[in-house]
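> Return atomic coordinates for the entry below.
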Amino acid sequence: MKAIAIFYQGRKEATSEVANRLIPLLQQQGHEVRVVDIRFEGEETPDPSLKGYDLAIVLGGDGTILHAARICAFAGIPIVGVNFGRVGFLTELEPGEIESQLPYYLNGDKSVWVDKRAMLQAIVHQDGESEEFLALNDIVIARGTWPRVVQMRIWIDDYYYDTAYADGVIVSTATGSTAYNLAVGGPLLHPQVQSTVISPIAAHLASNRSLILPPEADIKLQIFTGSQDGVFSADGQMNREIKNGARVTVRNSQYVTQFLRRRKPTHFYQIIKAKLKSEVDEPPHQ
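Okay, here's the model as predicted:
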C-alpha cells in the first residue's frame, strides 16, 4: 500500500473529473489517497501532514505543477505530472495514459527513474524585514507599471558585477530556462544542469547579456526604481511590491523537485523542438 496525494486545479472541470475517477480506483487497490485542491493551499506553506507520502499525482498544466512542486519539495514527495495544459514541459503523462501507465510508477518498475530539478531560494529584504520564497522556475525583479527602466545592481559571491539598466532581471533555474528566460532571449539549459542563469529584461545597453553561474553562486540584487515601486515574483505566482532600494538574495535551495519519469532524458529535446516549432508555425493574431 502506498500513500498517494492527488493535486488538482478545482477550477477546471477536466481535472476535477479525473481526480474523482482516480480516488476510488486507487483506494480499491489498497492505497491511501489524499486529494489536494491547490486553490485552497497557501503559496508554499509546508504541510507537515504530507510527510511520508510516497507519491504525488499532479493533474494540470505547468502552472499547477509549479504550485504543487513547492509543496512537494518541502515534504520530499516525488511527482508524476499529468498534462492538462498546452506543451507540458514538466508533465509526464497525457490524460488518456493514466490508467495504463500509472501502475509503472506505483509499483516502482525498473524503467522509472528520478528526475531531480534544482530550485531557488530567494529572500526579499526591505523596510527592516525579510521574507523567504522557494521557486522551481525563476525569480523576477522588475519595474512596476510605469514604462521606465530601473537600475539593477548585481553582486555575485559578494563581488560587484554590474548595474543593469533594464525593465528588470530574471534569475532562472535550468527548468525555468524554457519559461520567461527564453522569452527575453536567454539561453536554454538541459534540465539536469544545476546552474543558474541571470538574464536582463529589455536591457538598455547591448553589453547587458545573460550570464550562466555555477550552482553554488550567491546572487544579490538591489533595485532602484525612483518614485515608483518595483515588483518581485517567484515562479510568476508569488508576487510582492518592492520599494526603491529593496534587496533580494538568490541562491540554490536545499530542496529539489523530484519527477518520476519513464521517458528517456532525451525527451527534453523533443519537447523543445515541438515548442519552438509551434511558435514559428503559429499564425499571427487577427
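
> And the helices in the stretch 101-250 of the chain?
Here the stretch 101-250 of the chain has its helices, by DSSP state H, counting those that start in this stretch, at 180-183.

> Low-confidence ranges, it, go.
Where the stretch 101-250 of the chain drops to pLDDT under 70, the residues are 206.

> Look up how far F40 lies from A14.
Plainly put, A14 is 19 Å away from F40 if you go by CB to CB, to the nearest Å. All C-beta atoms are positioned from the backbone trio N, CA, C, and that covers glycine.

> In terms of neighbours, single out the busier of the two.
A14 (13 against 7; other CB atoms under 10 Å).

> pretty sure that one contacts V82?
No: contact between A14 and V82 fails when scored by CB atoms under 8 Å: they sit 10.4 Å apart.

> Can you check which residues contact both of these two?
Listed as contacting both A14 and V82 by CB atoms under 8 Å, 6 or more residues apart in numbering are P95.

> so what's Q222 up against?
M152, R153, G245, A246, R247, V248.

> Identify the bridge partners of the residue nearest to S130 when sequence neighbours are not counted.
Nearest non-adjacent residue to S130, counting by CB to CB, 6 or more residues apart in numbering: I123, 5.4 Å away. Residues in a beta bridge with I123, per DSSP bridges, are E132, T249.

> Would you map the strands across the stretch 1-150 of the chain?
Applying DSSP state E, counting those that start in this stretch to the stretch 1-150 of the chain gives strands spanning 3-8, 32-37, 55-60, 79-83, 113-126, 129-135, 138-142, 150-156.

> sorry, back to before: most neighbours among the contacts of Q222, please name it.
M152 (28 neighbours).

> Next, work out how far apart L182 and V33 are.
From L182 over to V33 (counting by CB to CB), the distance is 36 Å.

> no no, G144
Distance from G144 to V33, by CB to CB: 44 Å.

> Touching, G185 and I201? I think so.
No: if you go by CB under 8 Å, G185 and I201 don't touch, sitting 9.7 Å apart.

> neighbour-wise, which of those two wins?
I201 (24 against 13).

> Bridging across strands, which residues link to that one?
G168.

> Wait, it touches V171, no?
No: assessed by CB under 8 Å, I201 is found out of contact with V171, at 11.4 Å.

> Identify the contacts common to those two.
V140.

> Look up the closest residue to I198, ignoring the ones flanking it.
L211 (4.8 Å).

> who's in contact with that neighbour?
Y161, V197, I198.
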